[in-house]
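Q: Here is my input; please provide its structure:
(2 chains)
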Number of protein chains: 2
Amino acid sequence: MKTNSNLTEAIQKLKDIVGSNNFIDDDKEMDVYLSDWRNHFSGLSPLILKPTSTKMVSDILSICNQSSVSVVPQGGNTGLVGGSIPSILGDEVIISMEKMNTILDIDPVNYTMTVEAGCILANIQDAALNSNRTFPLSLAAEGSCQIGGNLATNAGGTGVLRYGNAKELVLGLEVVMADGTIINSLKQLRKDNTGYDIKQFFMGSEGTLGIITKAVIKLFPVSRNKVSTILALPSIDSTVNALASLRSETGDTITAFEYMDRNCIDLLLRSLKINDFLNERYEHYALVELSSSRKNENLMAILEGAISSSIETEHIIDAIVATNETQSAQFWNLRESLPDLLKRNGDFVTFDISVPISKLGELIEKANRICSDILLNSQAYIFGHIGDGNLHYYLFNSPEVSVDEFLNLKDKIKVSIYNLTMQLDGSFSAEHGIGLAKKEELKNYISISELELMKLIKKSLDPKNIMNPGKVIGN
Amino acid sequence: MKTNSNLTEAIQKLKDIVGSNNFIDDDKEMDVYLSDWRNHFSGLSPLILKPTSTKMVSDILSICNQSSVSVVPQGGNTGLVGGSIPSILGDEVIISMEKMNTILDIDPVNYTMTVEAGCILANIQDAALNSNRTFPLSLAAEGSCQIGGNLATNAGGTGVLRYGNAKELVLGLEVVMADGTIINSLKQLRKDNTGYDIKQFFMGSEGTLGIITKAVIKLFPVSRNKVSTILALPSIDSTVNALASLRSETGDTITAFEYMDRNCIDLLLRSLKINDFLNERYEHYALVELSSSRKNENLMAILEGAISSSIETEHIIDAIVATNETQSAQFWNLRESLPDLLKRNGDFVTFDISVPISKLGELIEKANRICSDILLNSQAYIFGHIGDGNLHYYLFNSPEVSVDEFLNLKDKIKVSIYNLTMQLDGSFSAEHGIGLAKKEELKNYISISELELMKLIKKSLDPKNIMNPGKVIGN
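A: Next up, the predicted model:
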């Protein structure tokens, strides 16, 4: 581990700031902070700090900035791109937000909640429900991810179609800047045009511009009423047309529109040992959920009416509607089982990409052709949040190709799919962010002027480059 | 008019860039560009430029930046805070975006539209409707304001409760920076986590950081079905509780919740020569609209059910529901007549303030007390977008007080109301922005750290301070 007198001196000061109960410097206890949960990224660190107040975070950053000691902010450490892992040089201090986990205020009349950054997402969801409100951010890691991390990475998840990404759920933030300055912009206001909207600089910046310490988040009425269906569709173009039409016909009550292709359905039937749920085999499926906060809303009738319209225009060919909660839960179990089943299905390369919804058909058709050309008999498994234009595209190796050969081809496949996505005005990182994993690609897939502007912002807000260096656009 | 060789030389270059059809340098023709529509602000300028392409805007700024010539971007010139008016020194060039007014693309499946910044808001609304979609930004100036200005000032309006402020309706922007660099971030994506969200820097910056040249805006399903009611409420606290409950009970289909106090109602009855529309006189009223894109939605039943629940909890005391479109238009006519009637009602001072919705009761009670203390027998007239926590508070002079005396007291009233708003965690400029009008107040009502951060951003993005100098935080 790299140490120098600067770092050693700073470490002692940092320990004094947080007190003996609020740091870890024992190698063994540090382990969980040094690797991501999938074990794709790992690093070293001399010290894990667990501040209990904004003042402590400010004092920590003040010392680090003065001493040019780099910091890595860490929430629940559930990210997928290595954004919360320190470098292997062992000279970066980790600031874990886990002890700042108090829900400070719930205001059901204002439909807002004020929270510390270390609050676990599931706890926030529960607290909202206890006040007869809902916080709609929902993702697989919700039992361990922290709201500060969700906002710093602009998390997506299953509620985006109706409620927007994480940053669209925020009214105010408290942030500590690289030099320790506390920016208190903890507003509970739905309208406020007083100068630049500075909270926006920090959301999606993955901890490279400052540390989010508190947030005011938006709440919504609780969905008392839900109905789910699995649709069979003749093509991707019909799928996106069915979605566009359903949004309008259902009064925009759609809360999920999750696509699954035939390969995904076959994998589910095989693995879960269940029979096909429609009378015929189709190529394209969507799990759709409507929900409403009105107890008496007849969502079933609304759904059936909307499906009938789309069957008439031939955008939907078949459908099964869940008639009770058990069946609805079974439908959702299919969708939620997919990522794990896919991970155990062989060697693969996967993409988290998005395009304008109207270009999804073209994306999938061309991606499949590109992958077949590079890797004969490879199999694409495709699912995703069609409503957000966001696909998770898994490409599995063919039985005839060795693992080594597949590994060699991975980069070519990646570059080809990213290039295609960009040709279709898409994003090569729709919801997972950049972190360490996609840093090099970022340079290729955004314009020089965008990259230069990002670097200018970084340099202005963190001139000594101490905030999560080496991530996103960093050196 | 101030001229120097630098400016003279630059002016010739700028004229050459746009060509003879695309500038005005004749003093008489310039007039409409030099004052705001209310004649509260006016300035001078040597040249109005009307670029027809992004490239032209870039060339203009490049020259201006090299020559240190300041520019004032101007949309429809309908702002209320002087943000689009040049200084009286006459050394600032105006860039009017009126000729960049093409709707570039409408994608109903992706629910997006791509527009040039000079498109008039009403034309955008019409184009959306022609594609069976709606663009929900709506405000009094929509017949002449331009979308670029709406985004640069983060316009509010009547649709905020359901659809958000202007900046929440944007997926991508093209912007020209102070030095002429074109930032193309014209994305049509609902999910895109590739680095910092740079479009956010420019929305709400009132032309001080760059010029918005194009935008991708979100569309929504058309509301085919609407119902309106006027509610009578026992208190402000009941009003906000009724809103909270109605949001939940109506499945979040409320698209407007506009408060009017008794004084406003009396003014309307008097001026429009109509009878009171409920059997008794009440102190507090709200005009509420539900809407849905579902043709067959029984909004009337939903509304009546929700009102009944709130009558049971005594948050609503009386209501009149519009039984047809004519009656509904009459209700809206009341609300829309108010601002003009108020302006002709005597000497007044007005505030565009917001607080957390749950603190509106306290705000109004304390504001009324403060105003009575300062100005005996003054009359407050209060209306506003309660759903956004945003009030328009008009205080009228008392008959016993001379105009001069009232003018002398205005500042004291302003400071007291702003101080109160800030004590209640509110905003002293909810939707109208800062511009010139509230520049001095901004320094008092945001924290030093926020102001310093804004200045840092300004200095980084516009080091020569040529972009709309003197506005918002500028010198």
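
Q: So A:Pro136: helix, strand or coil?
A: coil (DSSP: H, G, I helix; E, B strand; the rest coil).

Q: hang on, I meant A:Asn184
A: A:Asn184 - assigned by three-state DSSP - is strand.

Q: Now do the contacts for the residue nearest to it when sequence neighbours are not counted.
A: Leaving aside its chain neighbours, A:Asn184 sits nearest to A:Glu174 (5.3 Å; criterion: C-beta to C-beta, 6 or more residues apart in numbering or on different chains). Heads up, the C-betas are built off the backbone N, CA and C, glycines and all. Listed by C-beta atoms under 8 Å, 6 or more residues apart in numbering or on different chains, the contact partners of A:Glu174 are A:54, A:182-186, A:212-215.

Q: what's the most distant pair in these?
A: A:Ile182 and A:Ala215 (14.1 Å; C-beta to C-beta).

Q: Between those two, which has more neighbouring residues?
A: Between A:Ile182 and A:Ala215, A:Ala215 has the larger neighbour count (other C-beta atoms under 10 Å in any protein chain shown), namely 28 against 17.

Q: Please confirm that that one is located within a strand.
A: Yes - membership of A:Ala215 in a strand is supported by three-state DSSP.

Q: what's the longest helix in chain A?
A: helix A:403-423 (DSSP state H).

Q: Quick one: residues in contact with it.
A: So helix A:403-423 is in contact with A:347, A:349, A:351, A:353-355, A:363, A:366-367, A:370-371, A:374-375, A:393, A:395, A:397, A:401, A:427-428, A:441, A:444-445, going by C-beta under 8 Å, 6+ apart.

Q: try 10 Å this time
A: A:346-351, A:353-355, A:359, A:362-363, A:366-367, A:369-371, A:373-375, A:378, A:391, A:393, A:395-398, A:401-402, A:426-430, A:438, A:441, A:444-446 (C-beta atoms under 10 Å, 6 or more residues apart in numbering or on different chains).

Q: Using PDB, write down the CA coordinates of that helix.
A: What follows is helix A:403-423, C-alpha atoms only, in PDB (Å, rounded to 0.1, in the frame of the first residue of the first chain):
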ATOM      1  CA  VAL A 403     -14.300 -19.700 -24.600                       C
ATOM      2  CA  ASP A 404     -11.000 -18.100 -25.600                       C
ATOM      3  CA  GLU A 405     -12.100 -17.400 -29.100                       C
ATOM      4  CA  PHE A 406     -15.300 -15.800 -27.700                       C
ATOM      5  CA  LEU A 407     -13.300 -13.700 -25.300                       C
ATOM      6  CA  ASN A 408     -11.200 -12.500 -28.200                       C
ATOM      7  CA  LEU A 409     -14.400 -11.600 -30.200                       C
ATOM      8  CA  LYS A 410     -16.000  -9.700 -27.300                       C
ATOM      9  CA  ASP A 411     -14.300  -6.400 -28.000                       C
ATOM     10  CA  LYS A 412     -15.300  -6.500 -31.600                       C
ATOM     11  CA  ILE A 413     -18.900  -7.300 -30.700                       C
ATOM     12  CA  LYS A 414     -18.900  -4.400 -28.100                       C
ATOM     13  CA  VAL A 415     -17.500  -1.900 -30.500                       C
ATOM     14  CA  SER A 416     -20.000  -2.900 -33.200                       C
ATOM     15  CA  ILE A 417     -23.000  -2.700 -31.000                       C
ATOM     16  CA  TYR A 418     -22.000   0.600 -29.500                       C
ATOM     17  CA  ASN A 419     -21.300   2.000 -32.900                       C
ATOM     18  CA  LEU A 420     -24.800   0.800 -34.100                       C
ATOM     19  CA  THR A 421     -26.400   2.300 -31.000                       C
ATOM     20  CA  MET A 422     -24.800   5.700 -31.600                       C
ATOM     21  CA  GLN A 423     -25.800   5.600 -35.300                       C
END
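
Q: Does the next helix or strand after it reach chain B?
A: Of the helices and strands lying after helix A:403-423 in sequence (DSSP states H and E), the nearest is helix A:439-445. Yes - Helix A:439-445 reaches chain B (C-beta under 10 Å from any C-beta of the partner chain) through A:439, A:441-443, A:445.

Q: helices or strands up against helix A:439-445?
A: Under the contact criterion of 3 or more C-beta pairs under 10 Å, 6 or more residues apart in numbering or on different chains; DSSP states H and E, helix A:439-445 touches helix A:403-423, helix A:448-461.

Q: roughly how far out does that helix sit from the chain middle?
A: Remark: helix A:439-445 is offset 19 Å from the chain centroid, using C-alpha atoms, centre = their mean, to the nearest Å.

Q: same check, this time on stretch A:326-333
A: 23 Å.

Q: Just the buried residues of the contacts of helix A:403-423.
A: A:348-349, A:351, A:353-355, A:359, A:362-363, A:366-367, A:370-371, A:375, A:378, A:391, A:393, A:395-398, A:401, A:426-430, A:438, A:441, A:445-446 (16 or more other C-beta atoms under 10 Å in any protein chain shown).

Q: Which ones among the residues you listed map onto helices?
A: The helices, defined by DSSP H, take in A:362-363, A:366-367, A:370-371, A:441, A:445 from these.

Q: coming back round to it: can I get the contacts of A:Glu174 in a markdown table including pLDDT?
A: Putting these into a markdown table (pLDDT from 0 to 100) gives the following:
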| residue | pLDDT |
| --- | --- |
| A:Thr54 | 98 |
| A:Ile182 | 98 |
| A:Ile183 | 97 |
| A:Asn184 | 95 |
| A:Ser185 | 93 |
| A:Leu186 | 95 |
| A:Ile212 | 98 |
| A:Thr213 | 98 |
| A:Lys214 | 98 |
| A:Ala215 | 98 |
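
Q: Please report which of those residues has the highest neighbour count.
A: A:Ile212 (30 neighbours).

Q: Could I get the contacting residues of it?
A: A:Ile212 neighbours (C-beta under 10 Å, 6+ apart): A:57, A:73, A:75, A:97, A:116-117, A:146-152, A:170, A:173-176, A:183, A:199, A:202-203, A:205.

Q: List the pairing partners of the helix or strand containing it within its sheet, with orientation.
A: Element membership for A:Ile212 (DSSP H and E) is strand A:210-218. Next to strand A:210-218 in the sheet, as set by DSSP bridges, lie strand A:112-116 (antiparallel), strand A:170-177 (antiparallel).

Q: Dump the ones you listed to a markdown table, plus mean pLDDT.
A: Below are the strands paired with strand A:210-218 laid out as a markdown table (pLDDT from 0 to 100):
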| stretch | mean pLDDT |
| --- | --- |
| strand A:112-116 | 98 |
| strand A:170-177 | 98 |
